[in-house]
Each structure stands twice: as C-alpha cells, then as structure tokens.
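Chemist: when you get a sec, could you give me coordinates for this:
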Amino acid sequence: MTAADPDILPPSEIDPAFAYVRLAKTPDEIEEAQRLRYQVFYEEFKAKPSQAMQVQKRDFDDFDRIADHLIVLFRNPESNREQIVGTYRLIRQEIAEKFGRFYSQDEYDIAPLIGSGQYLLELGRSCVLAPFRTKPILNLLWQGIADYITGHKIDLLFGCASFSGTDIKALAPQLSYLHHYHPTQKDICPVALPDRYVEMNILPREAFNEKRTFVTLPPLIKGYLRLGATIGAGAVIDEQFNTTDVCIVVQTSLMTERYRKYFERKIQKTMPGTSGQDSNGE
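Modeler: This is a model prediction of the structure:
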C-alpha cells in the first residue's frame, strides 16, 4: 500500500462504502500516513521539507512516536487494494506530559488549558488525499474522533488549524471574524507566543459580512466551528508550511446540539469495562 498510490478511482466513482476508519496498528501504517502527509503538505501545498523528509518522502517529527494515528482506509473495489486516504494525529494529555510538551506549544501558551483540570486531547496533522475530500470521508474522520473521545473520556479538544498563505492583509476578514464571533473564554484561552503573536482583531465587525466570511473559511475550520469550537488569542505564521495558524478549542460538554447528541449515542454504545479503549478495536 502507498499513500500516493496511482490506482485511484476518479472522484465520481469513489464509493464511501468501501472506506473505514481506525487507528494505525503497525509502524508500516504510520509510515504510510506520513507519506500521505508529505504528499498533501509538501507536494500539493508546497510546504518546505527538511532534507531527511525530502529524501524519504515522509512528513515526520518526534511527536509521531508518542501519538495515536487515526487513518481512513479505502479499498478499491476493482483491484481490491487498500490505501490510506486520510489521517489525523491524536495526542492525549498524559502522553504529552511524559514526553514533555504538546506540539502546539511551539506556537501557543496553553497553560490555561493545562491548568483547567480538564482531560485534553490535541488534534493535528490532519489531511485527506485530494480525490477523497468529500463529506462522507471527512465524516469518517469525525466518527473516529468521536469513538476516541468516548473511549478515553476526553473533556477538551485543541490544536492548530491553518489558513493557506501568510498574507495577513488578505486574511483580515477571516481572522477578524474568528476574533469577534468565536473567542475562547479567558480562563482557558491559549495565547500565541509573544514572539510569534499576530493580531487577529484587524477589522471591526461592521467591516465584513458574518455569513459570507464564514463561507470563505477553510473546510476544517468550518467543521471545528460547527462542532462548537472557539479560537485562541492571536494567530501564528508558519513559514515552513506557508500557513497562518489559529488555535482551536472544543469543550466536549459544550458542543453544538447536533454533534453533542451524536457523541452521546457513542457514549451509550460503550460497553462496561471498555474505558480507555477505542471502539475501533484498539
């Protein structure tokens, strides 16, 4: 199996019934997820790989060793071959504490989150192979996260989400929209590190249309907001990935009604004695 497998059906012929989600089980599957990340981040979106990444055609860092890797696998009904077409990296609080830090701490002061007493899960390195960026495939990733949250009794999700590009003037309506309409409450609000802080309060509310601006947000950020996400203080420019990052925060207890009911159904399906296990069989 390869993340960049040319044996891919055109989007119109991709049947989500042949896709499923679970945690990666082997080092080979993690490496395949890393190759998918390389293809999307570096080849498609022109991030700047290290020399080692460029040689191996994989996106990797030290956090991959400690993380759980959620993967969406698609089986081509014609060739019967499987490949990883989507992935998410999940890092639980006690794992990050043993390691020494979360990934997001390179960009944000998350002391308010850590001090909240809530059980944290960091989400990151999300990507889907281009032909598979459809609602059913994205929903599979969210389904996997839902299973993981209920299995590990997560209270709060957080992580960095990105806008393509680093032109703050061009992103002014979107950053201002997030600042005005979706701020995180102060007692748990992550704040961009002082030397990387980019002001998000650029335009007044009356300078942009709320609904039209929402439509222009990246799909991942819109998905988080529909989940009830709020946004930390300050954006951060990531030169390596050619992105402008924001920190998202989602309290599972305050999710929008639609998703909260979905998660409650997952909780009700969790059998006694399975605490701490993922319902994908991990």
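Chemist: from here on, just use CA atoms for contacts and neighbour counts.
Modeler: OK.
Chemist: packing partners for the longest strand seen in the chain?
Modeler: Taking DSSP state E as the assignment, the strand of the chain that covers the most residues is strand 82-92. Counting contacts by 3 or more C-alpha pairs under 8 Å, 6 or more residues apart in numbering; DSSP states H and E, the secondary-structure elements packed against strand 82-92 are helix 27-38, strand 68-75, strand 120-128, helix 135-152.
Chemist: what do you get if the cut-off is 10 Å, keeping everything else the same?
Modeler: Using 3 or more C-alpha pairs under 10 Å, 6 or more residues apart in numbering; DSSP states H and E as the contact criterion, the secondary-structure elements in contact with strand 82-92 are strand 19-23, helix 27-38, strand 68-75, strand 120-128, helix 135-152, strand 156-164.
Chemist: need the least confident one among those, by mean pLDDT.
Modeler: Considering the helices and strands packed on strand 82-92 one by one, the lowest average pLDDT is found for helix 135-152, at a mean of 89.
Chemist: what residues sit buried inside that one?
Modeler: Applying a neighbour-count criterion of 16 or more other C-alpha atoms under 10 Å, one finds 137-138, 140-141, 143-152 buried in helix 135-152.
Chemist: one more: stretch 238-254?
Modeler: Of the residues in stretch 238-254, those buried (16+ other C-alpha under 10 Å) are 238, 241-252.
Chemist: please apply the same query to stretch 56-74.
Modeler: For stretch 56-74, by 16+ other C-alpha under 10 Å, it's 57-60, 63-64, 67-74.
Chemist: about what we covered before: the longest strand of the chain: what's the following helix or strand?
Modeler: Proceeding C-terminally, strand 82-92 gives way to helix 93-99 as the next helix or strand, assigned by DSSP states H and E.
Chemist: I'd like to know which elements that following helix is packed against.
Modeler: strand 120-128.
Chemist: can you tell me the strand partners of the strand it packs on and which way each runs?
Modeler: Applying DSSP bridges to the sheet, strand 120-128 is found paired with strand 82-92 (antiparallel), strand 156-164 (parallel).
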